[in-house]
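[1] What follows is a predicted structure for the sequence shown.
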Amino acid sequence: MRIIYEPRGAALEYAPLAVSLFRWCAYQCEYCFVPEVTKSPTGKHLEPYVRKDALKLLEKDCKELHAEGDTREVLMSFTTDPYQPIDDVDMLTRKAIGILINYGVPFTVLTKGGKRSERDFDLIGEYADYCRYGTTLTLINPTDINKWEPLAAPTGERTHALSEAYRRGIPTWVSIEPIIDPVQSLALIRETLPYVDEYKIGKMNHLESTFPLEQLRDFVKETKELLDCYGKKYMFKDSMKAYL
């Protein structure tokens, strides 16, 4: 495979395969691990750009997966965001979704794009048996959001996109990672219970935690009880095992 790849480490806990159509991300979240793990020459986020021959490479990989009967799910995306301003004109992500659908390759979206991502719900909705829609949720407090996710879509816009996807019959999931404030994380879970099917939960790993880690035990206990009560699927990442 050329552009679809097998993630390693913690990323593998989210999906067996992944694809990134872009390099870098316009949202520049404070907690992002990408500049560190990709050894950015500046140590910071760079201007996003489209990967060379992205769609051509994707079609080759999808054709190969289809021929081999490989039905592993492909995630868009770990190291960037499939719905960011650079995609507004050419709609590369929409074209990529069309390719995935054409070859019957299961896929899932993970984005902080909010309303921007709703434009493709018509396509995803027709393919709902093989596609899931997810977003990252971390904070509710506007001051905290401006600090940690200054350029991403507002939290309310992301939760609206989730509810709209759910209304259209698209399976939904949320990445509660990183946990910046356990109180806000739990509040987001409570708020989204009516329209989210699954939760994946992980702690801060690339920066110092903003709260005493002992608080994670209480958070995990309350979260487990809540999600079990509502019959929701959930996964605590390996980084959370010490607090289970």
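    That came in fine, so what should we check first?
[2] Helix, strand, or coil at Leu75?
    Reducing the assignment to helix, strand or coil with DSSP: H, G, I helix; E, B strand; the rest coil, the entry for Leu75 is strand.
[3] which ones are touching it?
    Residues touching Leu75, when contacts are defined by C-beta atoms under 8 Å, 6 or more residues apart in numbering, comprise 7, 14-15, 17-19, 107-110. For every residue, glycine as well, the C-beta is placed using N, CA and C.
[4] Kindly list the single helix or strand of the protein that scores lowest on mean pLDDT.
    Scoring the helices and strands of the chain by mean pLDDT, DSSP states H and E places helix 34-37 at the bottom, with a mean of 67.
[5] What are the buried residues along stretch 228-242?
    Of all the residues in stretch 228-242, those buried under the rule 16 or more other C-beta atoms under 10 Å are 232, 234, 236-237, 239-240.
[6] again but with stretch 89-101, I slipped
    By neighbour count, and taking 16+ other C-beta under 10 Å as the criterion, the buried residues in stretch 89-101 are 92-101.
[7] Also stretch 209-217?
    Residues Leu216 are the ones in stretch 209-217 that count as buried (16+ other C-beta under 10 Å).
[8] residues making contact with that stretch?
    When contacts are taken as C-beta under 8 Å, 6+ apart, the neighbours of stretch 209-217 outside the stretch itself are 179-182, 203-204, 240, 243.
[9] And Ala187, how close does it get to Gly231?
    Taking C-beta to C-beta, to the nearest Å as the criterion, Ala187 is separated from Gly231 by 20 Å.
[10] ditto for Leu188
    Computed with C-beta to C-beta, the distance linking Leu188 and Gly231 is 19 Å.
[11] ditto for Arg51
    Note on Arg51: its distance to Gly231, by C-beta to C-beta, is 40 Å.
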